[in-house]
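**Student:** The sequence and its predicted three-dimensional model are supplied below.
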Amino acid sequence: MLVARDIFNASIGIILTNSKEVITFCNDSVQSVMKDIELKHKKMYSILPLLELEFRIKRFALKETCNENSVIYVLKRLIDDEVLYKKILEFSYDEICVTDPTGISIYCNSAFEKNHGIKRPDINGKNIFRVLNQTSPSHKAIYYAINKKKSCTIERETKTGKTLITTATPVFNNQNEIELVIANTRDITEIEKIKSKLKEVQISSEKYKREIEVLRKKELEIDGGFVAISSKMKNLLEVIKRTVNIDSTILIMGESGTGKSFIAKYIHRMSNRSQGPFITINCTTIPEHLLESELFGYASGAFTGAKKGGKPGLVELSDGGTLFLDEIGELPLNLQSKFLELIQERSYTPVGGMKSKTVDTRIIAATNADLGKLVKEKKFRKDLFYRLKVIELLMPSLRERQEDILPLINLIKSKFEKRYKLTREFSQGSINVFKDYDWPGNIRELEHVIEKLIAITPDNIIESHHIRELIQLDNESVNNISVDQLMPLDLAIEKVEKELILKAYKKLGSSYKVAEVLKISQSRASRKIIKYTKNMKK
Ligand SMILES: Nc1ncnc2c1ncn2[C@@H]1O[C@H](COP(=O)(O)OP(=O)(O)OP(=O)(O)O)[C@@H](O)[C@H]1O
């Protein structure tokens, strides 16, 4: 029973509320703890969590003693340790909920209110199984802990999109009966998000790995096959077969377009390094001042603007595979000694680096230059020349491979027929023209001529005059062209387009037929015919 002595006793706090739980009175003991917050007229439940940190609170309904349904709260100050422990529980990031063995809530911290959207006065002293949703992880975990008498962990996603993980642990008394159940819940929404992002990254990195594999295979793909019917090519293949798995350096020599890069890829594909990378360095395409760092990489802080942590060079990237140095004759003298070291020791020092690095790579070099002549002219190091040509492969020109011409024509024809979705036949006369011609640009020139013939010949049968016109044109363009005869690319494309459209229109006489043969829409064909014939009429 409450007496006046209690009310004015300084160590006890007293709060009176009306029937709506609005504070009508509080003594100095309570107010001194709340410092600046004026308690009077505040709703009791809004300040209860703060008071609970300092006081043990008892609630008495005064229904019988007063006319109104007022409530009196008696607050007993906690000693310092208790205050500390309460604060630890209260400000814990994890939700903490303590129940008795029947599920009656004894204590919940502020994280509980946040996770469940329930105010503590609505749960304190009540059975959590009635208040909490059945699907809530706290509900489930506490239920299992009480029934199975052991710790239980449940992970669930809430309606508000949060992912919560709860562990409920029963605490036993001396008689091995459950005294309390302590459930702590962590909001792992962010962790789950990070996990799924990581998964995405893993999936996409797998995807990129696969794409790189596909690209690598594509790069090494030998389109349609390998033509080697002539005795020169057969002999060459014999040498390749014998040396494919010996790591000696190979020097491939031959005119432009004879298939030096093609053979280098073939060697890599046939070797036991085929699962490793095939790295091509074309010594003419990288500017001289960048060549060294592109090839050998650079160390951290090697020069202003250098990437932090350095950058691996193409040589390092070829580790475990093959390094193909195309146009080796163009390698600047200052880098030739560095390459010599690489070939002899399989080691090199990155630009600005102090330590040398080793690499396990097979080196294949190619050139259409006369390296022996460059050595005499002191433009190429003699020792490097000898180191490179441990195995020498001399690519025969197309002129020297007469037996290969027809199979090559068929191979290249079917490649472009597939690409342009067209079918064309070569007349016997046209094949003779192919065989009689010198092919100074070798297989590459043959490819260009066949591609053009398939793309621009409106007839199904390609005759000798079609080829002659082209070869003549090509020879003129290669041999006799002066710089002033060169023209912007777009203009050149338009010129070819005009020629083709007019030829087709003259022969076929209708835009429908032109569209069908040139594999374009009728409206496009019609537009082009109007455009080019209009200019003619003028
Ligand atoms: N034996 C072959 N069978 C089929 N196609 C080939 C063969 N040899 C070369 N080719 C094709 O000929 C073209 C020219 O070959 P490649 O680029 O290898 O010549 P290259 O000698 O390296 O030329 P460059 O000296 O100009 O770099 C390529 O498209 C290649 O696919």
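**Tutor:** Sure, I can see it. Residues are numbered from 1 along each chain as shown.

**Student:** Quick check: phi and psi at the residue of the stretch 201-350 of the chain found nearest the ligand.
**Tutor:** At 2.6 Å from the ligand, residue 259 is the closest residue in the stretch 201-350 of the chain, using Cβ to the nearest ligand atom. Where you see a C-beta, it was placed from the backbone N, CA and C, and this is true even at glycine. In terms of degrees, to the nearest 10, the main-chain angles of residue 259 are phi 110, psi 30.

**Student:** Tell me how many other residues crowd residue 400.
**Tutor:** 13 (other Cβ atoms under 10 Å).

**Student:** Ok, residue 227 next?
**Tutor:** Using other Cβ under 10 Å: residue 227 sits among 21 other residues.

**Student:** hang on, isn't it packed against residue 405?
**Tutor:** No: taking contacts as Cβ atoms under 8 Å, residue 227 lies outside contact range of residue 405: 9.1 Å.

**Student:** End to end on stretch 22-42, go ahead and measure it.
**Tutor:** By Cα to Cα, to the nearest Å, the extent of stretch 22-42 from end to end equals 6 Å.

**Student:** Tell me how many other residues crowd the residue of the stretch 201-350 of the chain closest to the ligand.
**Tutor:** 24.

**Student:** Isn't it up against residue 394?
**Tutor:** No: Residue 259 lies out of contact with residue 394 (Cβ under 8 Å); the separation is 11.7 Å.

**Student:** hang on, residue 300 packs against residue 350?
**Tutor:** No: in this structure residue 300 lies outside contact range of residue 350 using Cβ under 8 Å: 9.7 Å.

**Student:** what about residue 448, which SS state?
**Tutor:** Following DSSP: H, G, I helix; E, B strand; the rest coil, the label given to residue 448 is helix.

**Student:** Can you report how many residues lie near it?
**Tutor:** Residue 448 has 15 nearby residues by other Cβ under 10 Å.

**Student:** Repeat that for residue 433.
**Tutor:** Neighbour number of residue 433 under other Cβ under 10 Å is 20.

**Student:** could we number from 16 for the rest of this?
**Tutor:** With 16 as the first residue, the last one maps to residue 448.

**Student:** What strand or helix carries it?
**Tutor:** helix 443-451 (DSSP states H and E).

**Student:** Run through who's touching that helix.
**Tutor:** 417, 420-421, 424, 441, 461, 477-479, 481-483, 486 (Cβ atoms under 8 Å, 6 or more residues apart in numbering).

**Student:** so which of these is the most crowded?
**Tutor:** Result: residue 482 is most packed of the contacts of helix 443-451 (other Cβ under 10 Å), 24 neighbours.

**Student:** for that residue, what are its contacts?
**Tutor:** 445, 448, 449, 464, 468.

**Student:** Using TSV, please lay out the contacts of helix 443-451 together with pLDDT.
**Tutor:** Shown next, in TSV, are the contacts of helix 443-451 (pLDDT from 0 to 100):
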residue	pLDDT
417	90
420	93
421	92
424	93
441	90
461	93
477	89
478	86
479	85
481	85
482	86
483	83
486	78
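
**Student:** about what we covered before: out of the contacts of residue 482, flag the one nearest to the ligand.
**Tutor:** Among those, and counting by Cβ to the nearest ligand atom, the member closest to the ligand is residue 464, at 12.4 Å.

**Student:** low pLDDT regions in the stretch 166-315 of the chain?
**Tutor:** Low-confidence segments of the stretch 166-315 of the chain (pLDDT under 70): 174, 218-239.

**Student:** what about 90?
**Tutor:** Low-confidence segments of the stretch 166-315 of the chain, defined by pLDDT under 90: 169-180, 201-244, 256, 258-262, 290, 296-310, 312-315.

**Student:** Residues of it that sit close to the ligand?
**Tutor:** Contact residues (Cβ under 6 Å from any ligand atom) of the stretch 166-315 of the chain with the ligand: 238, 241, 242, 243, 269, 271, 272, 273, 274, 275, 276, 277.

**Student:** on that earlier part again, any shared contact partners between residue 315 and residue 365?
**Tutor:** Jointly contacting residue 315 and residue 365 under the rule Cβ under 8 Å, 6+ apart are residue 325.

**Student:** about what we covered before: among the residues of the stretch 166-315 of the chain next to the ligand, which are located in helices?
**Tutor:** Using DSSP state H, the subset of those located in helices is 275, 276, 277.

**Student:** Format the residues you listed as CSV; extra columns: neighbour count.
**Tutor:** What follows is these, written out as CSV (neighbours: other Cβ atoms under 10 Å):
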residue, neighbour count
275, 23
276, 16
277, 17
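
**Student:** ok, now which ones touch residue 352?
**Tutor:** Going by Cβ under 8 Å, 6+ apart, the list of residues near residue 352 reads 396, 399.

**Student:** Shouldn't it be within a strand?
**Tutor:** No: read with three-state DSSP, residue 352 is helix and lies in no strand.

**Student:** List, one by one, the residues from this protein near the ligand.
**Tutor:** Residues of the chain lying near the ligand (Cβ under 6 Å from any ligand atom): 238, 241-243, 269, 271-277, 341, 383, 426, 458-459, 462.

**Student:** now those: which count as buried?
**Tutor:** In the residues of the chain next to the ligand, burial by neighbour count holds for 242-243, 269, 272-277, 341, 383, 426, 458-459, 462, counting by 16 or more other Cβ atoms under 10 Å.

**Student:** Residue 299: which of those is nearest?
**Tutor:** Comparing these against residue 299 with Cβ to Cβ places residue 341 closest, at 8.1 Å.

**Student:** what helix or strand does the residue of the stretch 366-515 of the chain found nearest the ligand sit in?
**Tutor:** Closest residue of the stretch 366-515 of the chain to the ligand, Cβ to the nearest ligand atom: residue 458 (3.5 Å). Residue 458 is part of helix 457-471 when elements are defined by DSSP H and E.
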